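# Build the 3D model from these lines:
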Amino acid sequence: MRRVIFVAALLIVLCLSGLSTNAGRVAGPVPQNLQSYAGKYPSALLKDVPSLKRRLRVVLGGNYSFFMARMQTEMPIEYVEGCLVAIGCRAHSCGSEDAVMVIHLGNGKMHCAIRSNKFNGGYRVYSEDKQNIPHALYRAMEQY
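Reported below is the predicted structural model:
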């Protein structure tokens with residue numbers, strides 16, 4: 001009985017401290033030179049900054065491979081409204097199987113969207129900060 005009470009108390013402490021959620025652990029300091037990736041391809045960014053790839057895996061969870069399959073055909077990264085915007089699509093399926101990754105350079109938060117026929121042609125949004133998704137993500141979703 002004491003063990004059950006101890007485990008329950010430990011879980012409550014972890015939940016209250018935010019250690020059991022991804023939100024507090026995922027975002028980290030943004031390397032100073034990220035803006036220099038504007039005009040380069042998303043694969044170069046993820047290769048050169050492995051911490052971003054790890055964070056992307058956490059944000060997307062089980063949809064990481066699904067997202068990356070939609071980054072086969074990459075577009076150069078854009079700098080929009082203080083954010084890096086990376087867009088790609090599945091080869092031969094642009095316009096219906098797309099992926100968007102946005103990194104807000106001010107706070108370092110990562111936001112992603114996947115458009116797929118699996119989602120009835122709509123987007124699913126994944127974010128480190130669901131309460132503060134930058135307009136740049138929605139803009140990219142509307143444009144592509």
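# Tell me the buried residues in stretch 75-87?
Using 16 or more other Cβ atoms under 10 Å as the burial criterion, the residues of stretch 75-87 that qualify are 75, 77-80, 83-87. C-beta coordinates here come from the backbone N, C-alpha and C atoms, glycine included.
# in this structure, which spans are strands?
Under the criterion DSSP state E, strands of the chain are mapped to 73-74, 78-80, 83-89, 98-104, 110-115, 123-127.
# how close does residue 110 sit to residue 34?
Per Cβ to Cβ, to the nearest Å, residue 110 is found 11 Å from residue 34.
# anything in contact with each of these two?
Contact criterion Cβ atoms under 8 Å, 6 or more residues apart in numbering; residues shared by residue 110 and residue 34: residue 103.
# Pick out whichever of the two has more residues nearby.
Applying other Cβ atoms under 10 Å to residue 110 and residue 34 shows that residue 110 carries more neighbours, namely 23 against 18.
# Skipping adjacent residues, who's closest to residue 101 in space?
Excluding the flanking residues, the one nearest residue 101 by Cβ to Cβ, 6 or more residues apart in numbering is residue 86, at 4.4 Å.
# residues contacting that neighbour?
Residue 86 touches 42, 45, 71, 74-75, 77, 100-102, counting by Cβ under 8 Å, 6+ apart.
# again, but for residue 66
The contact partners of residue 66, taken as Cβ under 8 Å, 6+ apart, are 60, 114, 116, 118.
# Throw those residues into a markdown table and include distance to residue 124 and pLDDT, thanks.
Formatted as a markdown table, the contacts of residue 66 follow (distance: Cβ to Cβ, whole Å; pLDDT from 0 to 100):
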| residue | distance to residue 124 | pLDDT |
| --- | --- | --- |
| 60 | 10 | 98 |
| 114 | 5 | 98 |
| 116 | 8 | 97 |
| 118 | 9 | 95 |
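# top of those by neighbour count?
Result: residue 114 is most packed of the contacts of residue 66 (other Cβ under 10 Å), 23 neighbours.
# Hmm, that one is touching residue 61, no?
No - Residue 114 lies out of contact with residue 61 (Cβ atoms under 8 Å); the separation is 11.8 Å.
# which neighbours do those two share?
Counting by Cβ under 8 Å, 6+ apart, the residues touching both residue 114 and residue 61 are residue 126.
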